[in-house]
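K.L.:
quick one: sequence and predicted model below, then my questions.
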Amino acid sequence: MQTQQITRASALIPSHYICFDDFLTIEENRQFLDYAIADQASYLPAPTSTDDPSKRKALSMQPSPTFSQFSNLVLNRIETVWTETLTALKVQPFSASKITVQLIAQNDGDYVKRHCDRNTVAPDRKITFVYYLHQQPKSFSGGEFVLYDSHLEAGTLISSDSHRVIQPINNRLLLFVSRNFHEVLPVQCPSGMFAQSRFAFSGWFHQAELLNHLGV
């Protein structure tokens, strides 16, 4: 069960997030987008951590040697806003035990159903980031990112109905706590052209100490 009527306002746990617009330079963003578009054949149906294909409809790029160039570019830039990010998310400083990343393309009819990134399969995910890329002017609609608040029920974190909607704007970086529920609304791209997809470079900062503490 993911949604339930909240009877006590004090039980609501807000989902904090932070966005950085114009995160990369114009040229860096253009080069990353060109790379994302160039090798359509390297994309395969994106897997899910629960192996349930109905949870997500998207394509995932199979990493190439060039991929690390852009991955490191974004990760190094995140380091420059890390303190500000932790403050906004109300997270105590921690050392990431590892960082995992993916490059996703979503086109007409693609979506991600409501879920949280920290689960029994990946219990050590601490902070999630998403960097958006798309052609301009944008050729798709939809694809909004919806971030839900939570509440505790019998010691378990449950998704609430209250939420905020974040637009997938080109060159925008979004960061939030991985335990928070979220979804991607269906994308509408009438042309169906791959180059006009909603691209997202996303990943997770893991904290090894969470491996034995899956709760809140």
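P.N.:
That came in fine, so what should we check first?
K.L.:
how about the helices in the protein?
P.N.:
Ranges of helices in the chain, per DSSP state H, are 26-38, 67-79, 82-89.
K.L.:
quick check, pLDDT for the residue lying closest to Ile37 once chain neighbours are set aside.
P.N.:
In space, and not counting its chain neighbours, Ile37 is closest to Ala195: 4.8 Å by C-beta to C-beta, 6 or more residues apart in numbering. Heads up, the C-betas are built off the backbone N, CA and C, glycines and all. Per-residue pLDDT puts Ala195 at 99.
K.L.:
relative to Val187, how far out is Ala195?
P.N.:
14 Å (C-beta to C-beta, to the nearest Å).
K.L.:
can you redo the helices of the chain as TSV with distance to Phe20, mean neighbour count and mean pLDDT?
P.N.:
Converted to TSV, the helices of the chain look like this (distance: least, C-beta to C-beta, whole Å; neighbours: other C-beta atoms under 10 Å; pLDDT from 0 to 100):
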stretch	distance to Phe20	mean neighbour count	mean pLDDT
helix 26-38	12	16	98
helix 67-79	9	16	97
helix 82-89	9	15	98
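K.L.:
quick one: which of those helices is nearest Arg179?
P.N.:
Closest to Arg179 of those, according to C-beta to C-beta: helix 82-89, at 10.9 Å.
K.L.:
now the closest one against helix 67-79, angle please.
P.N.:
70 degrees (axes from the mean of the first three to the mean of the last three C-alpha atoms, to 10 degrees).
K.L.:
show me which strand runs longest in the protein.
P.N.:
Identified as the longest strand of the chain according to DSSP state E is strand 156-166.
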